[in-house]
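Trainee: predicted model, plus sequence, below.
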Amino acid sequence: MTDLLTQLARDGRRILTQRDVKIIVSVFAPPLGVLLHVGLKFHFWLNLVFTLLGYLPGLIHAVWLINVRKRGDNSKNVTTLRS
């Protein structure tokens with residue numbers, strides 16, 4: 001099996017990454033893809049609500065989250081206005 005993978009890598013063929021697998025899973029079940037990416041955190045529950053409201057909002061959120069947010073990134077990008 002490892003010989004096949006090294007041969008594919010040498011030939012320049014693309015091998016599926018974890019991100020690719022998460023996106024494929026998200027196409028069939030958006031909350032499951034988000035669960036694999038962030039765990040049982042806020043974005044999972046938000047995605048579950050989006051999916052219950054409609055498949056497309058859940059799918060868009062899942063793909064966006066997997067592509068933009070790094071795994072385990074809990075930083076809050078909040079800017080405050082000071083007067």
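Mentor: Received the coordinates, thanks. Numbers count the residues shown, from 1 in each chain.

Trainee: ok, the closest residue to Asn47 other than its chain neighbours to Arg14 distance?
Mentor: Spatial nearest neighbour of Asn47, excluding adjacent residues (CB to CB, 6 or more residues apart in numbering): Val34 at 4.3 Å. C-beta here means a position set from N, CA and C on the backbone, and glycine is covered the same way. Separation of Val34 from Arg14 (CB to CB, to the nearest Å) stands at 24 Å.

Trainee: so the residue nearest to Asn47 makes contact with Trp45?
Mentor: No: contact criterion CB atoms under 8 Å: Val34 and Trp45 do not qualify, at 9.3 Å.

Trainee: okay, the two: which has more neighbours?
Mentor: Taking neighbours as other CB atoms under 10 Å, Val34 and Trp45 compare with Val34 leading, 30 against 12.

Trainee: export the strand or helix carrying the more buried one to CSV, keeping only CA atoms.
Mentor: Using DSSP states H and E, Val34 sits in helix 30-38. Provided in CSV are the C-alpha atoms of helix 30-38 (Å, rounded to 0.1, in the frame of the first residue of the first chain):
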residue,chain,number,x,y,z
PRO,A,30,-23.1,18.8,6.7
PRO,A,31,-23.2,18.5,10.5
LEU,A,32,-21.1,15.4,10.4
GLY,A,33,-18.4,17.2,8.4
VAL,A,34,-18.4,20.0,10.9
LEU,A,35,-18.3,17.5,13.8
LEU,A,36,-15.2,16.0,12.3
HIS,A,37,-13.6,19.4,12.0
VAL,A,38,-14.4,21.2,15.3
